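J.: Show me the folded form of this:
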Amino acid sequence: MSEGNGHPISFSAIINGFNEIELRKMGWNVIHDYMSERDPADVGLNGISVTHAWTQDEELTKQMSKACYIENIVKQPEDMIGHVDAVIIARDDYNTHVELSKPFLHAGLPVFIDKPLSLCPEEINFFKPYLASGQLMSCSAMRYARELDTVKRNISQYGDIKLIRGTVVNGWDKYGIHILDAIYPLLRSKCIAVTRIPANHTSIAIEMENGSAVQIDALGEIPKTFSIEIFGSKLRSSHEISDNFTMFRRMLWHFFNSIDKKRNAIPDVDTLTIMRILYAGHIAQQGSGRIVLDELGF
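T.: Below you'll find the predicted structure:
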């Protein structure tokens, strides 16, 4: 598990169900609360179970296994090979993703890697063939946020999209991806370049081919927010995304469905474009000027 990220617990609880007492003991109150609010019918994915678990802390793995009914604990991640049909790497410290995923990808197993996939061009190039083949899926669950369902269904009613603005808690590198994945399906034009807007926090402007604008602000340590505003020539709307359970469950469903159907859940070009924007924003924070996405080399 990576610091401050409880996704291994929440993903396992959504798939396997959970022991309320043991889950409470783990101290992740947000996860406990949104799991406890759900009807039992909401929990579980047909025919799918988390059978093996590894974290860097064996005691933590044991606690998680008790809370989420995981039968097997392994000493090393690659000990799962030969015993599982797919792997979820549910941690957001992107610098570990190549090392952790490589044995499974080389073994031919379908792999889901939590956001962000990487901020290193060489590592993204390593992942490219696996994204193209559909063996690898990586995104923020916010791509599947139910709060944006109506927008996606009715996007034509907005007329010409003038501006999409996203605001997120914490930093750009780990949290900018949430807004990017959420808004990317709404974009109707090619992303061209990224520029940092002068501010005390990270504020990123994304230039679009059709002249519309996207702005994402990562505000650092503020009260939790995942906010999206859409301004069209005929309609505007704003959305605060907060239903973690639904977006996580939908994302897991799409991963397993992609395995079943043997096709990409997300086109690889979309994932790579989002990684280019994220990486461009990452280096823009360091004072670079306008960064053209097609010049990034991956």
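
J.: Can you list the low-confidence ranges for this protein?
T.: The model of the chain has no residue with pLDDT under 70.

J.: Just give the nearest non-adjacent residue to the residue with the largest distance to the centre of it, would you?
T.: Distance from the centre of the chain peaks at K234, with 30.6 Å (Cα atoms, centre = their mean). Closest residue to K234 apart from its sequence neighbours, by Cβ to Cβ, 6 or more residues apart in numbering: G159 at 3.4 Å. The C-beta positions use only the backbone N, C-alpha and C, and glycine is treated the same way.

J.: follow-up on the earlier one: hmm, the residue farthest from the centre of the chain is touching K162, no?
T.: No: counting by Cβ atoms under 8 Å, K234 stays clear of K162, with 10.4 Å between them.

J.: Would you agree I164 is in contact with P185?
T.: No: using Cβ under 8 Å as the test, I164 is too far from P185 to be in contact (11.3 Å).

J.: Please say which of these two ends up with more neighbours.
T.: I164 (24 against 14; other Cβ atoms under 10 Å).

J.: CA-only coordinates of the helix or strand containing that one in PDB, if you can.
T.: Taking DSSP states H and E as the criterion, I164 maps to strand 161-168. C-alpha atoms of strand 161-168 as PDB (Å, rounded to 0.1, in the frame of the first residue of the first chain):
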ATOM      1  CA  ILE A 161     -18.100  23.900 -25.100                       C
ATOM      2  CA  LYS A 162     -16.300  27.100 -24.200                       C
ATOM      3  CA  LEU A 163     -14.600  26.100 -21.000                       C
ATOM      4  CA  ILE A 164     -14.200  23.100 -18.700                       C
ATOM      5  CA  ARG A 165     -12.800  23.800 -15.300                       C
ATOM      6  CA  GLY A 166     -11.700  21.300 -12.700                       C
ATOM      7  CA  THR A 167     -10.700  21.800  -9.100                       C
ATOM      8  CA  VAL A 168      -9.000  19.200  -6.900                       C
END
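
J.: The stretch 151-298 of the chain: helices as residue ranges?
T.: Taking DSSP state H, counting those that start in this stretch as the test, the helices found in the stretch 151-298 of the chain are 172-183, 244-261, 268-284.

J.: Show me which of the ones you listed has the highest average neighbour count.
T.: Highest mean neighbour count among the helices of the stretch 151-298 of the chain (mean count of other Cβ atoms under 10 Å): helix 172-183, with a mean of 25.

J.: and it with strand 161-168, angle?
T.: Angle, helix 172-183 to strand 161-168, by axes from the mean of the first three to the mean of the last three Cα atoms, to 10 degrees: 140 degrees.

J.: Dump helix 172-183 to CSV, restricted to CA.
T.: The C-alpha trace of helix 172-183 is given here as CSV (Å, rounded to 0.1, in the frame of the first residue of the first chain):
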residue,chain,number,x,y,z
TRP,A,172,-1.1,17.9,-9.4
ASP,A,173,1.1,14.8,-9.8
LYS,A,174,-1.3,12.3,-8.0
TYR,A,175,-4.6,14.2,-8.1
GLY,A,176,-4.6,16.0,-11.4
ILE,A,177,-5.3,12.7,-13.0
HIS,A,178,-8.7,12.5,-11.3
ILE,A,179,-10.0,15.5,-13.1
LEU,A,180,-8.3,14.6,-16.4
ASP,A,181,-9.9,11.1,-16.4
ALA,A,182,-13.3,12.6,-15.4
ILE,A,183,-13.4,15.3,-18.1
